[in-house]
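Asks: Would you be able to build a 3D model of this:
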Amino acid sequence: MPLNRRDFVTRSAATAAGAAMVGGLAVAAGDPAAAAEVEPQNRQNHPHKAKFTVMGTTDLHGHAVNWDYFTDAVYADKQKNAVGLAKISTLANQVRDEVGWDRTLLIDAGDIIQGTQLSYYFARVEPIASDADEVPEHPMATAMNNMGYDAAALGNHEFNYGIPTVRAFEEQLDFPLLGANALHAKNEKPAFPPYVIKTLHLGGGRPLKVGILGLTNPGIAIWDKANVQGRMTFSGIVEMAKVYVPKMKAAGADIVVVSAHSGIDEPSSYGDQLPYPEDASGEMAADVPGIDAVLVGHTHKEVAQRLIVNKATGKNVVLSEPLCWGQRLTRFDFEVEFDKGAWTVSSLSSQVLNSNTVDEDPEIVSLLKAQHEKVVAYVNQVIGSSKVDLSIADARFKDVAIIDLIGKVQQDTVKAALAGTSYANLPVVAQAAPFNRTADIPAGTLKLRDVAGLYIYENTLEARILTGAQIKDYLEYSMKYFAQVAPGAAINPDTLTNQQNTPDYNFDSVYGVSYDIDIAQPVGSRIVNLSYAGKPVDPAAQFVLAVNNYRANGGGNFPHVATAKQVWTNSDEIRNSMIAWVKAKGVIDPADFAAVSWRLVRAGVPVF
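Replies: Sure thing, here's the model as predicted:
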């Protein structure tokens, strides 16, 4: 008789409670069934064959239910995708019913607690890291515990709210939060469990032990420097896999699955600022023997199956990355054999399952109902009004007012902060980018979600000193975003942007200066007519750049800014500064901030 969810979760909790400790790591303890399973093998002269499945999610980013808190509606995109753990729960239960609830594992590859207003609310408005008598349970913990997750790796965005929030979330989980390369700065010992070993009883042979190794992204040291510096360090993914895979084998792991918050083989966004690559899952699979499968994360891409041959063993390692936000569920299907006292893998494949093919699990929806409704009420607060509709639709090719609004808020915030200081007389300019392609500020009544949807990241604001020449270099680097198109050649907006794998959030404009971008020229020679207050920018002149902490700490590998002098920093999210700005103004009027500061040209002729 198959286990139902309640039986399954209860059994999993009991197993965890009785786990043995090996080298400080939770390893499933033996039980009487283990000995019983060996007997059939002893009576057979042929291998015992069995199957089991490991399921995986990644980059959930606070998506618990199929809802978009920025639009206050069921999630919708052009591909008709669905999001959220409630959908994933239905898929996972279908797989469990098919394979056997006791022959499946469910894991995650990180970036769980940041990304929606739901996750923001329980980090900042009613924080889980609080000294209050009653601390709320994070909705992602509620859902994942109920779904019976077996392990999750840390993602880099786990650290956006600081280490106390990560620890509070960890304490609420019924499963381990893994991070073999997240180390205490003082002694370089693991700050989180590196791995866990789970035991499966497959009806013959001895119990099968599946080791799950968790690895997070070294880029945390750059992207969340303010939150982790002096407290945690983050070593290389390949380097730590080489340390821990043999330890897992020595601890009894028959199968090794790595949950890695790291892409397969893409270039590092931070360049050579760290000695460790950002997307190292492919390198790890090739260079570290003993790994069977890798659940890939971080890059928000869909990879149903990628085979990489390990250099030492010659065996295929299977890698899979499910699409972010709970849009897909990876399924690794193992066929194994027990012979001569050992388990071996005879077959392994992966696929991704689409969450838009199923309904939400009503149990998850019901569990999260109160928290969901509380956040819906929060995002629907009226905070002001707008004279006109401000759309982001053309922000990739044109200077539009909605992006100028980001720049204006940052400029005003830094100017106010520097008033009365020795930097007060320096011109302040501001970095901005199109962070959310669906953002729109409607004419008329403005709700909190309208403004929050314009700035979807948890970035904070800094002020750095750059020269005019450095501002130009900064802009030149940003313009790799555009394709090179000769004068007179046809322009396809769909292929004009996102060149060199540059995401929208790395297409920075600078509010407060004016310039042309000549896309007929090669990268590095595109910024012309750079001016400030109607005059050409003096290369030696000093400017204060209002810039988000991700960029200031080296995210995107933009030149100069990470090493520039910091003259001010703020711990509040830029999104909150924008909400406060709108509340103070009461009315958004583009006449107060909008200006066509940049344009695309070819040989001086405007493109649009």
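Asks: who touches the closest residue to Phe175 other than its chain neighbours in this structure?
Replies: Nearest non-adjacent residue to Phe175, counting by Cβ to Cβ, 6 or more residues apart in numbering: Tyr149, 4.9 Å away. For glycine as for every other residue, the C-beta is placed from the backbone atoms N, C-alpha and C. Going by Cβ atoms under 8 Å, 6 or more residues apart in numbering, Tyr149 touches Leu106, Ile107, Asp108, Leu173, Asp174, Phe175.
Asks: Out of these, which sit inside helices?
Replies: Within the contacts of Tyr149, no residue falls in helices by DSSP state H.
Asks: For Gly326, state which of those residues is nearest.
Replies: Gly326 lies nearest to Asp108 out of the contacts of Tyr149, by Cβ to Cβ, at 10.1 Å.
Asks: Identify all residues paired with that closest one through a beta bridge.
Replies: Thr57, Ala152 (DSSP bridges).
Asks: thinking it is in contact with Ala153, fair?
Replies: Yes. Between Asp108 and Ala153 there is a contact under Cβ atoms under 8 Å: 6.8 Å.
Asks: Overlap in contacts, those two.
Replies: Counting by Cβ under 8 Å, 6+ apart, the shared contacts of Asp108 and Ala153 are Ser259.
Asks: In PyMOL, how would I select just the buried ones from the contacts of Tyr149?
Replies: Buried residues within the contacts of Tyr149, by 16 or more other Cβ atoms under 10 Å, are selected in PyMOL with:
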select buried, resi 106+107+108+173+175
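Asks: Can you tell me which of the contacts of Tyr149 is nearest Ser269?
Replies: Among the contacts of Tyr149, and counting by Cβ to Cβ, the member closest to Ser269 is Asp108, at 22.2 Å.
Asks: show me what contacts the residue sitting nearest the centre point of the chain?
Replies: Central residue of the chain (Cα atoms, centre = their mean): Asp111, 4.3 Å from the mean position. Shown in contact with Asp111 (Cβ under 8 Å, 6+ apart): Thr58, Asp59, Leu60, His61, Gly155, Asn156, His157, Glu158, His261, Gly297, His298, Cys324.
Asks: Of all pairs in these, which one spans the longest distance?
Replies: Glu158 and Cys324 (14.7 Å).
Asks: which of those two has more neighbours?
Replies: Glu158 (27 against 22; other Cβ atoms under 10 Å).
Asks: Verify the stated contact: the more buried one with Ile113.
Replies: Yes. Here Glu158 reaches Ile113: they are 5.9 Å apart, a contact under Cβ under 8 Å.
Asks: which residues are common contacts for these two?
Replies: Val166, Phe169.
Asks: Residues contacting stretch 158-172, please?
Replies: Residues from elsewhere that reach stretch 158-172, judged by Cβ under 8 Å, 6+ apart: 110-114, 123-124, 127-130, 135, 137-138, 140-141, 145, 154, 177, 192, 216, 220, 223-224, 227-228, 231-232, 458.
Asks: Select only the buried ones of those in ChimeraX?
Replies: Here is the ChimeraX command that selects the buried residues among the contacts of stretch 158-172 (16+ other Cβ under 10 Å):
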select :110,111,112,113,114,123,124,127,128,129,135,138,140,141,145,154,177,192,216,220,223,224,227,228,232,458
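Asks: Mark which of the contacts of stretch 158-172 are part of helices, please.
Replies: Met140, Ala141, Asn145, Ile220, Trp223, Asn227, Val228.
Asks: Would you state the strands of the stretch 301-450 of the chain in chain order?
Replies: Along the stretch 301-450 of the chain, the stretches classed as strands by DSSP state E, counting those that start in this stretch are 303-309, 316-321, 328-339, 342-354, 382-386, 390-391, 428-432, 440-441, 444-447.
Asks: before we move on, back to that, would you turn the contacts of Tyr149 into a markdown table with distance to His48?
Replies: Putting these into a markdown table (distance: Cβ to Cβ, whole Å) gives the following:
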| residue | distance to His48 |
| --- | --- |
| Leu106 | 25 |
| Ile107 | 25 |
| Asp108 | 31 |
| Leu173 | 34 |
| Asp174 | 31 |
| Phe175 | 29 |
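Asks: Nearest to Lys80 among the contacts of Tyr149?
Replies: Taking Cβ to Cβ as the measure, Lys80 lies nearest Asp108 of the contacts of Tyr149, at 24.1 Å.
Asks: how near is that closest one to Leu173?
Replies: 10 Å (Cβ to Cβ, to the nearest Å).
Asks: Glu321 now?
Replies: Counting by Cβ to Cβ, the separation of Glu321 from Leu173 is 22 Å.
Asks: thinking again about what came up before, in CSV: the strands of the stretch 301-450 of the chain, plus mean neighbour count.
Replies: What follows is the strands of the stretch 301-450 of the chain, written out as CSV (neighbours: other Cβ atoms under 10 Å):
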stretch, mean neighbour count
strand 303-309, 16
strand 316-321, 24
strand 328-339, 22
strand 342-354, 17
strand 382-386, 17
strand 390-391, 18
strand 428-432, 25
strand 440-441, 18
strand 444-447, 14
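Asks: Relative to Val245, which of those strands is closest?
Replies: strand 316-321 (11.3 Å).
Asks: Against which helices or strands is that closest one packed?
Replies: If contacts are counted by 3 or more Cβ pairs under 8 Å, 6 or more residues apart in numbering; DSSP states H and E, strand 316-321 sits against helix 281-287, strand 293-296, strand 303-309, strand 328-339, strand 342-354.
Asks: Redo the ones you listed as JSON lines? Include mean pLDDT and distance to Gln500.
Replies: What follows is those, written out as JSON lines (pLDDT from 0 to 100; distance: least, Cβ to Cβ, whole Å):
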{"stretch": "helix 281-287", "mean pLDDT": "98", "distance to Gln500": "19"}
{"stretch": "strand 293-296", "mean pLDDT": "98", "distance to Gln500": "22"}
{"stretch": "strand 303-309", "mean pLDDT": "98", "distance to Gln500": "21"}
{"stretch": "strand 328-339", "mean pLDDT": "98", "distance to Gln500": "26"}
{"stretch": "strand 342-354", "mean pLDDT": "98", "distance to Gln500": "27"}
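Asks: Export these as JSON lines, with columns for distance to Ser269.
Replies: Formatted as JSON lines, the helices and strands packed on strand 316-321 follow (distance: least, Cβ to Cβ, whole Å):
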{"stretch": "helix 281-287", "distance to Ser269": "15"}
{"stretch": "strand 293-296", "distance to Ser269": "16"}
{"stretch": "strand 303-309", "distance to Ser269": "19"}
{"stretch": "strand 328-339", "distance to Ser269": "23"}
{"stretch": "strand 342-354", "distance to Ser269": "25"}
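Asks: what's the closest of those to Pro47?
Replies: Closest to Pro47 of the helices and strands packed on strand 316-321, according to Cβ to Cβ: strand 328-339, at 3.8 Å.
Asks: what's that closest one packed up against?
Replies: The contact analysis (3+ Cβ pairs under 8 Å, 6+ apart) places strand 328-339 against strand 48-57, helix 85-99, strand 255-260, strand 293-296, strand 316-321, strand 342-354.
Asks: Let me know the angle separating the longest one from strand 328-339.
Replies: With axes from the mean of the first three to the mean of the last three Cα atoms, to 10 degrees defining the directions, helix 85-99 sits at 30 degrees from strand 328-339.
Asks: Distance from helix 85-99 to the middle of the chain?
Replies: Put simply, helix 85-99 sits 23 Å off its chain's centre (Cα atoms, centre = their mean, to the nearest Å).
Asks: okay, the residue nearest to Phe122 when sequence neighbours are not counted: pLDDT?
Replies: Of all residues not flanking Phe122 in the chain, His138 sits nearest, at 5.0 Å (Cβ to Cβ, 6+ apart). His138 carries a pLDDT score of 98 in this model.
Asks: wait, isn't His138 in contact with Leu118?
Replies: No. His138 is beyond contact range of Leu118, at 9.4 Å (criterion: Cβ under 8 Å).
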